[in-house]
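# coordinates for the following, if possible.
(2 chains)
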Amino acid sequence: MTGYTTCLYIPEKKTEKWGRSMMKPWKAVKRLVPLFAGLSLLLSACGREDLSVLRPQGTVAEEQLGLIKLSITIMVAVMLIVFGIAAFVWIKFRRKPGQNEVPKQVEGNFKLEVIWTAIPLVLVLILAVATVQKVFAFGENYSADKNAVKVKVTSHLFWWEFSYPDYGITTAQDLVIPTGKKIALELKTADVLHSFWVPSLAGKTDTNTDGTINNAWIEAKNEGVYLGKCAELCGPSHAFMEFKVKAVSDDEFNAWVDAMKAPAVLPEDPAVAEVFKNQCLTCHAVGDQGGPIGPNLTGIGSRESVASILLNAEGEGNYVGSKPAKDNMKEWLMDPQAVKPGNKMPSPKEDLGLTDDEINAIAQYLADYKLSY
Amino acid sequence: MAHAHTVKRHKGLMDWLTTVDHKKIAILYLIAGGFFFGIGGIEALLIRVQLAKPMNDFVTAQQFNELITMHGTTMIFLGVMPVIFALMNAVIPLQIGARDVAFPFLNSLGFWTFLFGGLLLNLSWILGGAPDAGWTSYTPLSSTTYSLTHGVDFYTIGLQIAGLGTLIGGINFLATIITMRAPGMSFMRMPMFTWTTFVTSTMILFAFPAITVGLVLLTFDRILGANFFDVAQGGNPVLWQHIFWIFGHPEVYILILPAFGVISEVVSTFSRKRLFGYSSMVFATILIAFLGFMVWAHHMFTTGMGPVANALFSIATMLIAVPTGIKIFNWLFTMWGGQIRFTTANLFASGFIPTFVMGGVTGVMLASAPADYQYHDTYFVVAHFHYVIVGGLVLGLFAGLHYWWPKMFGRVLNEKLGKVEFWTFIIGFHMTFFVQHFLGLIGMQRRVFTYLPNQGFDTMNLVSTIGAFLMGVGVIIFLVNVVLSFRQPKGVAGDVWEDGRTLEWAIASPPPEYNFKQTPLVRGIDAFWKEKMAGNKEMTPAEPVGPIHMPSPTILPFMMSVGLFIAGLGFMFTNDDFGNSVLNFLFGKYIITGLGLAITFGCMLLRSLFDDHGWHIDPDELNDKEVKAS
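Numbering: from 1, shown residues only, chains lettered A, B, ... in the order given. Next comes the predicted model:
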């Protein structure tokens, strides 16, 4: 075994070589440019408050960011050490012109090898302890907790259904929750696998088929509207399978529940009401009427979007590029496939034979169907 | 003297179709792998064009899903795996002082099944639509209920046939390395690339049967109406995820370990030093392989396996960082005190180290399950595995290709062009994938065919797309370099880098058909370097000059693979109505399938009934060739 000194052997510097090696740090810096560019990007733009993992608004996401920060710190330190040694070696031990003697053939170094086995092991251990703590904390099931609000999440191609078993209400696309309370989620799918993700509130939980139903919990600290996404490839409109989580005060939440329970409002014009009942309510529901196949439409005018990606100007999310709910509703009803390719809704015009006037009237009715809370 | 052998020597195309020479099979693997790598690369560029701006409509949602599925599948199974096999075939027999692999016939069979499997898979583009359920093909999305075209059938059957080739190749290299090392080459004197090939082959042996089973089950579900993954009939989709990842995770180590081997060879040669900590390198390789089988469920943290499973798989995954770290530091200290020459091969190897470390640290971050709930299925993961596979494996492959190109073809790749190629590729690479970490963290999930504006995604996606094209330019420069290299006369020096350490550098470039006129005697690690240091110009022979036994060329492996191709294609369309009674009969009654299998099994029968004892090269002929070669 060769000694410690051998591997730390540094050839003597010769002054005339300096010009050569001055070139090299520049190359090493060049390699770091993307890193610095990235880090400054990270600092300047942490993403949107309602969407970014880096700007958490709920308990789970906050603790997750804590863990992410811990691991990033350890990893950046490791990277700097490795990059530092690499840069030093590349600059120092380049073959000089005319250098022909054979370098010493070092077999290894026991001390050094123990060091670079032991230190990573310790670092991994630190991360492992934090990981195990959080795994169990996030794995807690609050569905039996009296203070928690229970919600059954069912994912469909390409929309989300939220039902509240304690209140006997079902809604779609906008998950309304009270702030400061644990929301106990029970997640499953009605068709293929999807994954429930609200980056600013909590990480993902897959929605599986019957037999492998998952539980999870979220908690919003502040009132606001948070963007949710499907994070498991589920078909053509996977990209558009978004939803919103609307965190409101306790009072507002109770008012919302009451409004949801109120009797259904149908179109005033009896002819439109007839079309709506015969064509729409076979799949959709409003209040106590209609079917469970499509998204529940009760109070749809108060929602943040139509079909999850046509953002409503009336919404509380203050979206750039949003349009009035009625325009969105009309765009959707005129040609659903153009908005969300591969979705399961029959085209009102092509398949159900609705006229433009009927579509217009129904769009107006739905946009005006608001809940006060 | 009359030639003692009576074997028919083929010329031109027939020579390539019938060859069993590992050096020619290596070239076939390289051409086919390069071809599929090109297709996968074009798919990648189309994906990046689509994502260059929000709400783009360059491709449709369906086409996009087909592109991402085929990009992943093609790159993993048909692009990088064959190029790895090309290097193994070109180098391993030479490094261990052997005249060929243990089973030359199987070697050829492995190549042709891979090629026909890959062609079958890519035929889906023109036969009704490519697979669209992601390279992971999670059920129920990949079931006939939700994936209506034959795409996923092409995936299951194409991969099944191609996977057969990989399994055959793995077994062949295991047998070769165990039984055919030159006298004196103990296991602990094997070059590092031979070691990683050995360990990789072991992993193939255990991992590929898992995907084989999974693909058979999915095929049965889709074509024969079975219900392994159908909940309504008592099946379970999560089962597919376990089967897929029990294969899928070892697969990423199957990919990266050979790259580790290449880097070890290149760094050591161009530092003019022996590999630092050789025994710990061997130990680390084996440990990575072992742990690689213990961590598959870290791909499924969000599936809902419960906190206990998630915690255990987290810790097991983090542990892999330790042997990987050992490797990184061993490479750095191999260079320490050396005389580093930055040839293109060594530039790629040097670029590999920091890039792979970046992929490695994000790997440890992902291993922490509670944090992974946030990273999972976002662009953070896309960035991570591209850092490992492109920044790790592909840089390693480029290093290996530049390093062994003279040995394979007797010509050196241009160093100046090589350097341009390196800088274009690596700058493009970091541009493409570095920003994707942040895209994931600010909320962009993966596999989305487009995204709404005003989410803060636009600029970074554009940067990523520009970077992808820069990588494309790097690859084109490499191709130009390859074409230019063939304008040189063949036959560079055997030890072309002057500092070659292992046995392949002790013979001519390219080596004669039989590799070694006399099997060399290995007297230590880095056998050739040892002889050079002792003042010898070549290896000490371990045997007198005598007739050399050679395997006969044969068309049977090619025909067997054609048979499998026909059978696979026939089986896939069993339930289709062609609106034509003849076709319905041929496909519906399994006539086509039977015909294909008859060809395959007929060839096997021929092979079993008629012994082929090969042929011999006479000693006087050896001398002639030796004169020509040197």
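
# enumerate every residue touching whichever residue of the stretch 401-550 of chain B sits closest to chain A.
Nearest residue of the stretch 401-550 of chain B to chain A: residue B:442, at 2.8 Å (Cβ to the nearest Cβ). (Each C-beta comes from the backbone N, C-alpha and C, glycine too.) Residue B:442 is in contact with A:45, A:46, A:47, A:48, A:51, A:52, A:53, A:54, A:199, B:455, B:456, B:457, counting by Cβ atoms under 8 Å, 6 or more residues apart in numbering or on different chains.

# tell me how many other residues crowd residue B:498.
11 (other Cβ atoms under 10 Å in any protein chain shown).

# near chain B, which residues of the stretch 151-300 of chain A?
Residues of the stretch 151-300 of chain A lying close to chain B by Cβ under 8 Å from any Cβ of the partner chain are A:191-193, A:195, A:197, A:199-200, A:202-206, A:208-212, A:214-215, A:227, A:229-239.

# pull out the buried residues from these.
Buried members of those, counted by 16 or more other Cβ atoms under 10 Å in any protein chain shown: A:191-193, A:195, A:197, A:199-200, A:202-206, A:208-209, A:212, A:214, A:227, A:229-239.

# about what we covered before: out of the contacts of residue B:442, which end up buried?
Buried among the contacts of residue B:442 by 16+ other Cβ under 10 Å: A:46, A:47, A:48, A:51, A:52, A:53, A:54, A:199, B:455, B:456, B:457.

# output those as a markdown table; include the columns secondary structure, distance to residue A:350 and pLDDT.
What follows is the buried ones among the contacts of residue B:442, written out as a markdown table (DSSP: H, G, I helix; E, B strand; the rest coil; distance: Cβ to Cβ, whole Å; pLDDT from 0 to 100):
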| residue | secondary structure | distance to residue A:350 | pLDDT |
| --- | --- | --- | --- |
| A:46 | coil | 44 | 81 |
| A:47 | coil | 39 | 86 |
| A:48 | coil | 37 | 90 |
| A:51 | coil | 35 | 94 |
| A:52 | coil | 40 | 94 |
| A:53 | coil | 41 | 94 |
| A:54 | coil | 44 | 93 |
| A:199 | coil | 37 | 97 |
| B:455 | coil | 32 | 93 |
| B:456 | coil | 37 | 91 |
| B:457 | coil | 33 | 94 |
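
# hey, where'd the strands end up in the stretch 101-250 of chain A?
A:149-156, A:159-164, A:169-172, A:174-178, A:183-189, A:194-198, A:202-207, A:214-218, A:224-230, A:242-248 (DSSP state E, counting those that start in this stretch).

# including mean pLDDT, could these go into JSON lines?
Listed next are those as JSON lines, based on pLDDT from 0 to 100:
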{"stretch": "strand A:149-156", "mean pLDDT": "97"}
{"stretch": "strand A:159-164", "mean pLDDT": "97"}
{"stretch": "strand A:169-172", "mean pLDDT": "96"}
{"stretch": "strand A:174-178", "mean pLDDT": "97"}
{"stretch": "strand A:183-189", "mean pLDDT": "97"}
{"stretch": "strand A:194-198", "mean pLDDT": "98"}
{"stretch": "strand A:202-207", "mean pLDDT": "97"}
{"stretch": "strand A:214-218", "mean pLDDT": "96"}
{"stretch": "strand A:224-230", "mean pLDDT": "96"}
{"stretch": "strand A:242-248", "mean pLDDT": "97"}
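
# got the contact list for residue B:588?
B:574, B:575.

# ugh, typo on my part, it should be residue B:111
B:25, B:28, B:29, B:32, B:85, B:165, B:169, B:557.

# if we compare the strands of the stretch 101-250 of chain A, which one ends up closest to residue A:334?
strand A:159-164 (18.5 Å; Cβ to Cβ).

# in its sheet, which strands sit next to the closest one, and in what direction?
strand A:149-156 (antiparallel), strand A:169-172 (antiparallel) (DSSP bridges).

# ok, residue A:222 to chain B distance?
Applying Cβ to the nearest Cβ, to the nearest Å, the value for residue A:222 to chain B is 18 Å.

# how about the nearest residue to the residue in the stretch 101-250 of chain A that chain B sits nearest to, chain neighbours excluded?
Going by Cβ to the nearest Cβ, chain B is nearest to residue A:203 of the stretch 101-250 of chain A, at 2.4 Å. Distance criterion Cβ to Cβ, 6 or more residues apart in numbering or on different chains; nearest residue to residue A:203, sequence neighbours excluded, is residue B:373 at 2.4 Å.

# and for the strand or helix carrying that neighbour, what's in contact with it?
In the assignment (DSSP states H and E), residue B:373 maps to helix B:369-375. Helix B:369-375 has contacts (Cβ under 8 Å, 6+ apart) with A:53, A:61, A:63-64, A:67-68, A:71, A:131, A:134-135, A:137-138, A:199, A:202-205, B:298, B:301-302, B:310-311, B:313-314, B:365-366, B:381, B:384, B:440-441.

# what's residue B:494 sitting at in phi/psi?
Per-residue torsions, residue B:494: phi -60, psi -50 (degrees, to the nearest 10).

# which parts of chain A are helices?
For chain A, the helices defined by DSSP state H occupy A:4-7, A:18-44, A:59-92, A:110-138, A:250-261, A:270-275, A:325-334, A:336-339, A:356-368.

# neighbouring contacts of the last one?
Applying Cβ under 8 Å, 6+ apart, the contact partners of helix A:356-368 are A:267-269, A:272, A:275-276, A:280, A:297, A:300-301, A:324-326, A:329-330, A:333-334, A:348-349, A:354.

# swap in 6 Å and give it another go.
With contacts defined as Cβ atoms under 6 Å, 6 or more residues apart in numbering or on different chains, helix A:356-368 is touched by A:267, A:272, A:275, A:276, A:300, A:301, A:325, A:326, A:329, A:330, A:333, A:348.

# so residue B:170 makes contact with residue B:200?
No: if you go by Cβ atoms under 6 Å, residue B:170 and residue B:200 don't touch, sitting 7.5 Å apart.

# neighbour count: the two, which is higher?
A direct count of neighbours by other Cβ under 10 Å for residue B:170 and residue B:200 places residue B:200 higher, at 28 against 24.

# ok so, going back, chain A: which of the contacts of residue B:111 is nearest?
residue B:165 (27.8 Å).

# can you tell me how far that closest one sits from residue B:114?
3 Å (Cβ to Cβ, to the nearest Å).

# ditto for residue B:212
14 Å.

# and these two? which has more neighbours close in?
residue B:114 (29 against 17).

# and the helix or strand hosting residue B:396, what does it pack onto?
According to DSSP H and E, residue B:396 maps onto helix B:395-409. For helix B:395-409, the packing partners by 3 or more Cβ pairs under 6 Å, 6 or more residues apart in numbering or on different chains; DSSP states H and E come out as helix B:81-95, helix B:237-271, helix B:344-367.

# please state the offset of it from the chain centre?
14 Å (Cα atoms, centre = their mean, to the nearest Å).

# which parts of that helix are buried?
Result for helix B:395-409 [16+ other Cβ under 10 Å]: buried residues B:395-409.

# who's in contact with that helix?
Contacts for helix B:395-409 (Cβ under 6 Å, 6+ apart): B:83, B:87, B:90-91, B:259, B:262-263, B:266, B:344-345, B:348-349, B:351-352, B:412-413, B:418, B:492, B:496, B:504, B:509.

# now it - C-alpha only, PDB.
Extracted C-alpha coordinates of helix B:395-409, given in PDB (Å, rounded to 0.1, in the frame of the first residue of the first chain):
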ATOM      1  CA  LEU B 395     -21.100  10.700 -22.600                       C
ATOM      2  CA  GLY B 396     -19.600   7.400 -21.500                       C
ATOM      3  CA  LEU B 397     -20.500   5.800 -24.900                       C
ATOM      4  CA  PHE B 398     -19.000   8.700 -26.800                       C
ATOM      5  CA  ALA B 399     -15.800   8.400 -24.700                       C
ATOM      6  CA  GLY B 400     -15.700   4.700 -25.500                       C
ATOM      7  CA  LEU B 401     -16.400   5.100 -29.200                       C
ATOM      8  CA  HIS B 402     -13.600   7.700 -29.600                       C
ATOM      9  CA  TYR B 403     -11.300   5.500 -27.500                       C
ATOM     10  CA  TRP B 404     -11.900   2.200 -29.300                       C
ATOM     11  CA  TRP B 405     -12.800   3.500 -32.700                       C
ATOM     12  CA  PRO B 406      -9.200   2.900 -34.000                       C
ATOM     13  CA  LYS B 407      -9.300  -0.700 -32.600                       C
ATOM     14  CA  MET B 408     -12.700  -1.400 -34.200                       C
ATOM     15  CA  PHE B 409     -12.000   0.300 -37.600                       C
END
